[in-house]
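**Q** Curious how this folds, go ahead:
(2 chains)
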Amino acid sequence: MLKFSRVTVPTLREKPVDCEVVGHELMLRAGLMRPVSSGIYMMLPLGLSALLKVENIVREEMNKTGAIELELPSLHPSESWQASGRWFEYGPEMMRLTDRHGRDFCLGPTAEELITHYVGKAAPSYRDLPVNLYQIKTKFRDEPRPRFGLLRAREFRMKDAYSFHRGTEELDETYERMYQAYLEIARRCSLEVKVVEASTGLIGGDVSHEFMVLSDAGEDTVSLCEKCGYGANAELERHRPTLRFGGEEEEEIEEVHTPGLTSIDDVSEFMGVPARMVLKCVLYVVGGDALAVFIPGYREVSTKKLAAVLKTDSFHPMREDEFPFFPSLTPGFVGPVGLRDTKVIFDEEVVGARNIICGANKEDYHLKGVEEKRDFRAEPAMNVASSVEGDECPSCDGALTISRGIEIGHIFKLGLKYSKPLGVEFTDRDGSLMPVVMGTYGMGTTRILQTVVEQHHDDRGIRWPKAVAPIPVELIVLNSENNEQIETAENLSRELEKKEIEVLIDDRSLSPGIKFNDADLVGLPIQVVIGNKISRGMLDLKLRYTSIKRDVEIRNAGGAVENALKEAR
RNA sequence: CGGGGUGUGGCGCAGUUAGGUUAGCGCGCGUGCUUUGGGAGCACGAGGUCGGCGGUUCGAAUCCGCCCACCCCGACCA
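**A** Model (predicted):
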């Protein structure tokens, strides 16, 4: 039995400034957490309670897959990180510190190195494998830009699992089990997820999937096909070039004076044509050389795709102060016709385009009526542009939709990425030493927590799904000076606790309106109002999610709450 | 890191343009009385290095310089 007056639930009447997404706002207003520093929060009692509910669901589903929980330290010695090379690759995102002896440590951002090192030391035989180890623990990443509360924090909690196998088939089985477990966790947390193909990037591995909750608060962009279920992170989706780029007719090439018009919008407006007629040029610097990337005007360059094509991520958009180093370029007016001394990449969709507008490689001039093959050759042509709404699905004839998503989980088939450099081998049946095949599986529990709030609220506050509600029932004592009301609440509370239903009693001596509003804001699934109707032996019961209200008799109240809870989503 | 913005009691803000009594307001907090079914009333009260440091000035929340923190937009991630 928790008393509102005793538990720290500092609700806020007004919306705090500095929060852009509603989940973040409600986490603060409902008194679940408080900011400490940028991307660092303290969890208050009710917030912690909800987090533990989430983490228990995760724990139960992990255990069902046969994964085994352990706990690794937060302080990682640098050695294994240096062995994998990530001590340097991770860069400033890693929180580093030095002990009194001058030894280097980091605060663990993830734990592949540590766990792999440990498993390797155990010198496993084929009899010990496969094994899947996980922990649920605070992680530290010095994010370049923390934001949106728990959606991107610098200190956050994550379940991280690491599986070790004798071969890829065995890895595939575990991967599939984890995939299914992630779906089940999301379902139990009342989160609808879309699973999308994701980039393993330069981190390595062959296959990875992200578990996305579609939400405008999300920071990722995903392309989805409703028809066949294809989904991919926009950073690597494989939309088919639709050849909507350019016009139909064959035209004569012609130079047009376009003073100061350097953006696609400017040019298309000036020429009176849509952006799909204009070729966009984005300039990069790669290893000291200029690179011109040509894409249809209505698309953007996908940095991730470009990195994959270039096989490096050490490039950046050309800065103004770098222009003088590349005199053959006329920024704002760069086009593929007659361009010299510059590396180029074309988006696949440019192939076969006719009657397009592009820069003339001459200050204040564009060319119109340009045609690929006739006037220039789009080579090499790669998939380097992001998809747009309506692009053709790569695996069926459906159309792609573009949505924002919150990534709550990400699973990887790592293969030999860590076991090889760290020298982790097992002794096979025939006595030979074989490299261990690995998988890694992350899931952000604090991120899930805020995502639940984001997905389940109305204009009055949070509507907790019962599985993750910090507490299932709130008893609102309208007049806490009234002993009869207090007693009724305490009796009911004891009865519910016998049924193992936890209760929060609002016993504060505040006016009823405040308590009603706070109850809706905090959003526990069942509200029971104890007011002067008790003189008639009656209470009010309300389901927060649906706002369904009903009168119940005090003597049946325990059962009524129990039933309402079954009924609640 | 690049660009933009904000820092004034716990929360939300005014005051800064044009330097000048004792830095205000609403909410919240404390005490007392009244009140108790959707953010009550009256009275009294507590709470501030005006983000920090330095400068200009007879005088700085206000002007100048440097620094810090936080938030927003971009490149990264559970």
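**Q** CA only for contacts and neighbour counts going forward, please
**A** Will do.
**Q** near RNA strand B, which residues of the stretch 51-200 of chain A?
**A** Within the stretch 51-200 of chain A, the positions near RNA strand B by C-alpha under 7 Å from any atom of the strand are A:141, A:143-148, A:150-154, A:156-158.
**Q** What subset of those residues is buried?
**A** Neighbour counting with 16 or more other C-alpha atoms under 10 Å marks A:141, A:143, A:146-148, A:150-154, A:156-158 as buried within those.
**Q** Format the residues you listed as JSON lines; extra columns: secondary structure and pLDDT.
**A** Supplementary listing: those in JSON lines, determined by DSSP: H, G, I helix; E, B strand; the rest coil; pLDDT from 0 to 100:
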{"residue": "A:Arg141", "secondary structure": "coil", "pLDDT": "93"}
{"residue": "A:Glu143", "secondary structure": "coil", "pLDDT": "90"}
{"residue": "A:Pro146", "secondary structure": "coil", "pLDDT": "91"}
{"residue": "A:Arg147", "secondary structure": "strand", "pLDDT": "90"}
{"residue": "A:Phe148", "secondary structure": "coil", "pLDDT": "91"}
{"residue": "A:Leu150", "secondary structure": "helix", "pLDDT": "95"}
{"residue": "A:Leu151", "secondary structure": "helix", "pLDDT": "94"}
{"residue": "A:Arg152", "secondary structure": "strand", "pLDDT": "93"}
{"residue": "A:Ala153", "secondary structure": "coil", "pLDDT": "94"}
{"residue": "A:Arg154", "secondary structure": "coil", "pLDDT": "94"}
{"residue": "A:Phe156", "secondary structure": "strand", "pLDDT": "96"}
{"residue": "A:Arg157", "secondary structure": "strand", "pLDDT": "97"}
{"residue": "A:Met158", "secondary structure": "strand", "pLDDT": "97"}
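**Q** looking at it, A:Phe164 is touching A:Tyr441, isn't it?
**A** No. Look at A:Phe164 against A:Tyr441 with C-alpha atoms under 8 Å: they stay out of range, at 11.9 Å.
**Q** The two: which has the busier surroundings?
**A** A:Phe164 (27 against 24; other C-alpha atoms under 10 Å).
**Q** Pretty sure the more buried one sits in a helix.
**A** No. Judged by DSSP: H, G, I helix; E, B strand; the rest coil, A:Phe164 forms no part of a helix; its state is strand.
**Q** From the residues of the stretch 51-200 of chain A next to RNA strand B, pick the one nearest A:Ala381.
**A** A:Pro144 (32.9 Å; C-alpha to C-alpha).
**Q** so what's that closest one closest to, chain neighbours aside?
**A** A:Glu93 (7.2 Å; C-alpha to C-alpha, 6 or more residues apart in numbering).
**Q** Ok, A:Tyr284 next?
**A** A:Pro317 is the one closest to A:Tyr284 (C-alpha to C-alpha, 6+ apart), at 4.2 Å.
**Q** May I have the residues that are in contact with the one you found?
**A** A:Val282, A:Leu283, A:Tyr284, A:Val285 (C-alpha atoms under 8 Å, 6 or more residues apart in numbering).
**Q** and the two most separated of the residues you listed?
**A** The most widely separated members of those are A:Val282 and A:Val285, with 10.3 Å between them, by C-alpha to C-alpha.
**Q** Just checking the distance from the host helix or strand of A:Gly513 to the centre of its chain.
**A** Under the criterion DSSP states H and E, the helix or strand holding A:Gly513 is helix A:512-522. Its chain's C-alpha centre and that of helix A:512-522 lie 32 Å apart, by C-alpha atoms, centre = their mean, to the nearest Å.
**Q** Mind listing residues that contact the following helix or strand past that helix?
**A** Using DSSP H and E, the helix or strand that follows helix A:512-522 in sequence is strand A:526-530. Residues from elsewhere that reach strand A:526-530 (C-alpha under 8 Å, 6+ apart): A:472-478, A:485, A:488-489, A:519, A:539-544, A:561, A:564-565.
**Q** partners of strand A:526-530 in the sheet?
**A** Here strand A:526-530 has these sheet partners by DSSP bridges: strand A:473-477 (parallel), strand A:538-543 (antiparallel).
**Q** buried residues in the shortest one?
**A** By neighbour count on 16+ other C-alpha under 10 Å, the buried set for strand A:473-477 is A:Val473, A:Glu474, A:Leu475, A:Ile476, A:Val477.
**Q** Let me know the angle separating that strand from helix A:512-522.
**A** Here the directions of strand A:473-477 and helix A:512-522 differ by 170 degrees (axes from the mean of the first three to the mean of the last three C-alpha atoms, to 10 degrees).
**Q** anything in strand A:473-477 near RNA strand B?
**A** No. Strand A:473-477 does not reach RNA strand B (C-alpha under 7 Å from any atom of the strand); its nearest approach is 8.8 Å.
**Q** any idea how far the helix or strand immediately after that strand in the chain is from the chain center?
**A** Next helix or strand after strand A:473-477 toward the C-terminus (DSSP H and E): helix A:483-498. When C-alpha coordinates are averaged (C-alpha atoms, centre = their mean), helix A:483-498 and its chain have centres 42 Å apart.
**Q** now do stretch A:408-422
**A** With C-alpha atoms, centre = their mean, you get 19 Å for stretch A:408-422.
**Q** now stretch A:5-21
**A** 24 Å.
**Q** Can I get that stretch in CSV, CA atoms only?
**A** Taking C-alpha atoms only, stretch A:5-21 is exported to CSV below (Å, rounded to 0.1, in the frame of the first residue of the first chain):
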residue,chain,number,x,y,z
SER,A,5,1.7,11.6,0.3
ARG,A,6,4.7,9.4,1.1
VAL,A,7,5.8,8.4,-2.4
THR,A,8,7.7,11.1,-4.3
VAL,A,9,5.3,11.9,-7.2
PRO,A,10,5.9,15.5,-8.0
THR,A,11,3.3,16.1,-10.7
LEU,A,12,3.6,19.3,-12.7
ARG,A,13,0.5,21.3,-13.6
GLU,A,14,2.3,23.1,-16.5
LYS,A,15,4.2,21.6,-19.3
PRO,A,16,7.9,22.0,-18.7
VAL,A,17,9.6,23.9,-21.4
ASP,A,18,12.3,22.1,-23.3
CYS,A,19,10.5,19.0,-24.2
GLU,A,20,9.4,18.4,-27.7
VAL,A,21,7.7,15.1,-27.6
